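**Q** Kindly return the folded structure for what I paste below:
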Amino acid sequence: MYLTDYHTHTQISPDSSAPLEHMAQAAVDAGVQELCITDHLDLLDLHGAPRLTYDWAGSLRQFQQTAPRFVHKLQLRLGLEFGVPHTNPALAEQVLSLPQLDFVIGSIHNQSRARGGGDFYCLDYSDHGVCYEALDDYFSSMAQLAQTDYYDVLGHIIYPLRYMPEGIVLDDYWARMEHIFRIAADRGKGVEINTYRGRTIDQWRPVLELYRACGGEIITVGSDAHAPGDVGAGLREACALAADLGFRYFATYTGRRPEFHKW
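**A** Predicted coordinates for the structure are as follows:
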């Protein structure tokens, strides 16, 4: 099987210190044949302050220096994880006009500005009421993002659950996710299966079942690795799950155009 990791981070992201060369070698060692680097560009920082700059020059330079070293070992792609791009359309359009960009994950890491804009990672989830208020806000923002062209796939749909205690369920959110998935499918967009470095596979089953029922067909698979040791984690299991659910193929991207591969 052609194994791809389409959600990874390097030292260009604020939460990683890994050079691309190390991530690429880890991909080769893990049997990954295509690696897409999707460093963070979140338009809000951890505390909700606007972030208007991105080291694209550094990202491109790192990519151009590293890719030739892996020509016969690994297909490298240059992507972006774009956080809340719908909050600044002018900047989003500017970023997405970059000709070297292969792939864009549209993600929601931050609460809405009405709730302060802080990252969901920073909330205190000891109260279940806070958890469900956060999920309300999260899926409302994702619905807004889904209606734009500022992404190729929607990132880690179940992101806030990473930080919430056991017992938090999505029963009240399936209708919202159905709305989001139908919008994305109608626009020719996809979703990613994000393994969270191999920690979440089973949680994706009902999400993917709903996405497919909504006409969704485009999926990518990514580990969300921020360090070399996590590259490729959970990819095979995620692919097996998707195939079991009836997805016929997965996508890779060049110049933001998808190419489809059978399992």
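
**Q** Show me what secondary structure element comes after the lengthiest helix in the chain.
**A** In the chain, with assignment by DSSP state H, the single longest helix is helix 128-146. Once helix 128-146 ends, the next helix or strand along the chain (criterion: DSSP states H and E) is strand 153-154.

**Q** Show me what the longest helix of the chain is packed up against.
**A** For helix 128-146, the packing partners by 3 or more CB pairs under 8 Å, 6 or more residues apart in numbering; DSSP states H and E come out as strand 153-154, helix 174-186. C-beta here means a position set from N, CA and C on the backbone, and glycine is covered the same way.

**Q** TSV please, covering the ones you listed and showing distance to residue 101, mean pLDDT and mean neighbour count.
**A** Conversion of the helices and strands packed on helix 128-146 to TSV gives the following (distance: least, CB to CB, whole Å; pLDDT from 0 to 100; neighbours: other CB atoms under 10 Å):
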stretch	distance to residue 101	mean pLDDT	mean neighbour count
strand 153-154	14	98	25
helix 174-186	19	98	18
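
**Q** Can you say which of the ones you listed is nearest to residue 237?
**A** When the helices and strands packed on helix 128-146 are compared by CB to CB, strand 153-154 sits nearest residue 237, at 18.9 Å.

**Q** Check which strands are paired with the closest one and give the direction for each one.
**A** strand 103-107 (parallel), strand 190-194 (parallel) (DSSP bridges).

**Q** can I get those in TSV with mean neighbour count and mean pLDDT?
**A** Converted to TSV, those look like this (neighbours: other CB atoms under 10 Å; pLDDT from 0 to 100):
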stretch	mean neighbour count	mean pLDDT
strand 103-107	26	98
strand 190-194	27	98
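
**Q** Can you tell me which of those strands is nearest to residue 86?
**A** strand 103-107 (8.2 Å).

**Q** Which residues does that closest one contact?
**A** Residues outside strand 103-107 that contact it (CB atoms under 8 Å, 6 or more residues apart in numbering) are 6-7, 36, 38, 42, 77-85, 96, 145, 148, 150-156, 159, 192, 220, 222, 253, 256.

**Q** before we move on, what about stretch 204-218?
**A** 153, 157-158, 170, 174, 177-178, 181-182, 184-186, 188-191, 193, 219, 238, 241-242, 245-249, 251, 258.

**Q** Just the buried residues of that stretch, please?
**A** Across stretch 204-218, burial judged by 16 or more other CB atoms under 10 Å covers 204, 207, 208, 210, 211, 212, 214, 216, 218.
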